[in-house]
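Engineer: Fold the following, please.
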Amino acid sequence: MQSETTPRERRAKAVAHANQLRALAWAALRDGAPHGAMRAATARTAARRILQHERRAAVLNRALAQALEALIEEQADLVG
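Structural biologist: Numbering: from 1, shown residues only. So this is what the prediction gives:
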């Protein structure tokens, strides 16, 4: 069972993961292993996608919260 997290906690976790991937990209460029530039580009792309996903999720969560609030108000008005 997943525990509930706040938007701030989810955002902080996404930023931390993106920072880890950026550090991995930096290391990939300097470790001398094959295809360092490709591995670095892949890590940077993954970091961008994590942050984009979190931004979209935040927008969706706000919209859902507003819709739920409106529904609750509408139901309260119908009850009395």
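
Engineer: tell me the pLDDT at the residue lying farthest from the centre of the chain?
Structural biologist: Distance from the C-alpha centroid of the chain, by C-alpha atoms, centre = their mean, peaks at residue 80 (40.3 Å). Looking at residue 80, its pLDDT reads 76.

Engineer: Same question for residue 22.
Structural biologist: 97.

Engineer: check which helix or strand covers it.
Structural biologist: Assigned by DSSP states H and E, residue 22 belongs to helix 7-30.

Engineer: Residue 56 too?
Structural biologist: Element membership of residue 56 [criterion: DSSP H and E] is helix 36-79.

Engineer: by contact count, what packs against that helix?
Structural biologist: Applying 3 or more C-beta pairs under 8 Å, 6 or more residues apart in numbering; DSSP states H and E, one finds that helix 36-79 contacts helix 7-30. C-beta here means a position set from N, CA and C on the backbone, and glycine is covered the same way.

Engineer: Touching, residue 40 and residue 28? I think so.
Structural biologist: Yes. Using C-beta atoms under 8 Å, residue 40 makes contact with residue 28 at a distance of 4.2 Å.

Engineer: OK, contacts around the residue nearest the centre of the chain?
Structural biologist: Nearest to the mean C-alpha position of the chain, by C-alpha atoms, centre = their mean, lies residue 54 at 2.4 Å. By C-beta atoms under 8 Å, 6 or more residues apart in numbering, the residues touching residue 54 are 10-11, 14.

Engineer: switch the cut-off to 6 Å
Structural biologist: residue 14 (C-beta atoms under 6 Å, 6 or more residues apart in numbering).

Engineer: Distance check, it against residue 75.
Structural biologist: Relative to residue 75, residue 54 is positioned 31 Å away (C-beta to C-beta, to the nearest Å).

Engineer: Likewise for residue 26?
Structural biologist: Counting by C-beta to C-beta, the gap from residue 26 to residue 75 is 53 Å.

Engineer: So these two - more neighbours on which side?
Structural biologist: Legend: neighbour count by other C-beta atoms under 10 Å for residue 26 and residue 75, higher for residue 26 (13 against 9).
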